[in-house]
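**Student:** Compute the structure for the input listed below.
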Amino acid sequence: MSLDNSWFTEAYTQAGSAFSLKIKAKVAEVKTPYQFIEMYETTDWGYLMVIDGCTMVSSRDNFLYHEMISHPVLFTHDKPRDVLIIGGGDCGTLLEVLRHPTVQHATQVDIDEQVTRMSEKYFPELCVSNSDPRADLRFDDGIKWLKDAKPGSYDVIIVDSTDPVGPAEGLFNEAFFRTCHRALRDGGILVQQSESPLLHVELIKAMHNAMRNAGFSNTHTYDFPQPIYPSGWWSATMAGKGRDLKRFREADSRNKHFTTKYYSYPKHLAAIDGVPLLTAALR
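**Tutor:** Numbering: from 1, shown residues only. You can find the predicted model right below:
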């Protein structure tokens, strides 16, 4: 990360690339026991949350990630009632989950309460569902939460984590996926953000192998744009517990009773095809 008075820049040295946003000012920062959180006001992208030097959320483009980490998996499940979100402290994923009328209970478990408190102040539009009676916000260790969960507790698990370093490092391995498999009901689905399909092919391959070794019968990666993340191209990977991930509730997706900015029925159809770049690599 570099900052020269008027620009915030995250340099991704592994790929010889960088992304910059012009800023007005840094408006907040806090060092928690888990990470260093900064908040900037930008000239054109609204507020920007940065964690440990990496861009996390901006006012302008967060809908891409939040919609695509949520709606494809929820429309793929037959009737998602109990949903667990690991991470997701900015609450944007929770907001999208609770748009689905079948969801009766959504638990969000993020280890760092300060992410949510800063989001409530700078991204209030993402936190409007925090008081929904179906929402249960917990500030705890997501790995421990899943270990303590009763078998078959959830229909869908969404892992909305940071990169696989620091607090999120333990969320990208077979042991964690086994706890997810155990906590899901038959026909349940896990979805996890899986980095850039251009820059992180080996990580995505390793995730597929670990998910299948953990007992999941089906895995599938789909992609979507995400300008503030390295390469501007991001992905999520689903794992099904005895579930065909290419079959989804098409009529419900086509006729959904809420508005989205990016997710749509045609976008879901495209997601089923997966990422051509990864198709050969995953064989």
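
**Student:** Where does pLDDT dip in the stretch 51-200 of the chain?
**Tutor:** Counting by pLDDT under 70, the stretch 51-200 of the chain shows low-confidence ranges at 162-172.

**Student:** so where do the helices sit in it?
**Tutor:** Under the criterion DSSP state H, counting those that start in this stretch, helices of the stretch 51-200 of the chain are mapped to 62-76, 92-97, 113-122, 142-148, 174-183.

**Student:** which one of those helices lies closest to residue 33?
**Tutor:** Proximity to residue 33, assessed across the helices of the stretch 51-200 of the chain by Cβ to Cβ, is greatest for helix 113-122 (9.5 Å). All C-beta atoms are positioned from the backbone trio N, CA, C, and that covers glycine.

**Student:** circling back to that earlier point, next, format the helices of the stretch 51-200 of the chain as a markdown table and append distance to residue 103 and mean neighbour count.
**Tutor:** Shown next, in a markdown table, are the helices of the stretch 51-200 of the chain (distance: least, Cβ to Cβ, whole Å; neighbours: other Cβ atoms under 10 Å):
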| stretch | distance to residue 103 | mean neighbour count |
| --- | --- | --- |
| helix 62-76 | 8 | 24 |
| helix 92-97 | 6 | 26 |
| helix 113-122 | 19 | 19 |
| helix 142-148 | 18 | 18 |
| helix 174-183 | 17 | 20 |
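
**Student:** Can you tell me which of the ones you listed is nearest to residue 240?
**Tutor:** Counting by Cβ to Cβ, residue 240 lies closest to helix 62-76 out of the helices of the stretch 51-200 of the chain; the figure is 8.0 Å.

**Student:** Report the central residue of this structure.
**Tutor:** Nearest to the geometric centre of the chain sits residue 160, at 3.1 Å (Cα atoms, centre = their mean).

**Student:** can you list the helices of the stretch 51-200 of the chain in CSV and add distance to residue 199?
**Tutor:** Shown next, in CSV, are those (distance: least, Cβ to Cβ, whole Å):
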stretch, distance to residue 199
helix 62-76, 16
helix 92-97, 23
helix 113-122, 24
helix 142-148, 25
helix 174-183, 22
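
**Student:** Out of those helices, which is closest to residue 247?
**Tutor:** Evaluated over the helices of the stretch 51-200 of the chain, closeness to residue 247 peaks at helix 62-76, with 7.3 Å, by Cβ to Cβ.

**Student:** now for the top strand by length along the chain, which elements pack on it?
**Tutor:** For the chain, the strand reaching the highest residue count under DSSP state E is reported as strand 17-31. For strand 17-31, the elements it packs on are strand 7-12, strand 36-42, strand 47-51, strand 54-58, helix 113-122, judged by 3 or more Cβ pairs under 8 Å, 6 or more residues apart in numbering; DSSP states H and E.

**Student:** Take these and write them to TSV, including distance to residue 85.
**Tutor:** Below are the helices and strands packed on strand 17-31 laid out as TSV (distance: least, Cβ to Cβ, whole Å):
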stretch	distance to residue 85
strand 7-12	25
strand 36-42	19
strand 47-51	17
strand 54-58	15
helix 113-122	12
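
**Student:** Check which strands are paired with the longest strand of the chain and give the direction for each one.
**Tutor:** strand 7-12 (antiparallel), strand 36-42 (antiparallel) (DSSP bridges).

**Student:** what about residue 266, distance to residue 274?
**Tutor:** According to Cβ to Cβ, to the nearest Å, residue 266 and residue 274 sit 15 Å apart.

**Student:** higher neighbour count, these two?
**Tutor:** Remark: of residue 266 and residue 274, residue 274 carries more neighbours, 19 against 10, as counted by other Cβ atoms under 10 Å.

**Student:** Could you tell me which residues make contact with the more buried one?
**Tutor:** By Cβ atoms under 8 Å, 6 or more residues apart in numbering, residue 274 lies in contact with 220-223.

**Student:** one step back: what's the closest of the helices of the stretch 51-200 of the chain to residue 245?
**Tutor:** helix 62-76 (6.0 Å).

**Student:** Specify the angle between that closest one and strand 47-51 in degrees.
**Tutor:** On the basis of axes from the mean of the first three to the mean of the last three Cα atoms, to 10 degrees, helix 62-76 is oriented at 70 degrees to strand 47-51.

**Student:** Dump helix 62-76 to PDB, restricted to CA.
**Tutor:** Presented in PDB, the C-alpha positions along helix 62-76 are these (Å, rounded to 0.1, in the frame of the first residue of the first chain):
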ATOM      1  CA  ASN A  62     -19.700  -3.200  -3.200                       C
ATOM      2  CA  PHE A  63     -23.000  -4.400  -4.700                       C
ATOM      3  CA  LEU A  64     -21.200  -6.500  -7.200                       C
ATOM      4  CA  TYR A  65     -19.600  -8.700  -4.500                       C
ATOM      5  CA  HIS A  66     -22.500  -8.700  -2.100                       C
ATOM      6  CA  GLU A  67     -25.000  -9.700  -4.700                       C
ATOM      7  CA  MET A  68     -22.900 -12.400  -6.300                       C
ATOM      8  CA  ILE A  69     -21.700 -14.000  -3.000                       C
ATOM      9  CA  SER A  70     -25.400 -14.300  -1.900                       C
ATOM     10  CA  HIS A  71     -28.000 -14.700  -4.700                       C
ATOM     11  CA  PRO A  72     -26.500 -17.500  -6.800                       C
ATOM     12  CA  VAL A  73     -26.200 -19.800  -3.800                       C
ATOM     13  CA  LEU A  74     -29.600 -18.900  -2.300                       C
ATOM     14  CA  PHE A  75     -31.400 -19.400  -5.600                       C
ATOM     15  CA  THR A  76     -29.500 -22.700  -6.100                       C
END
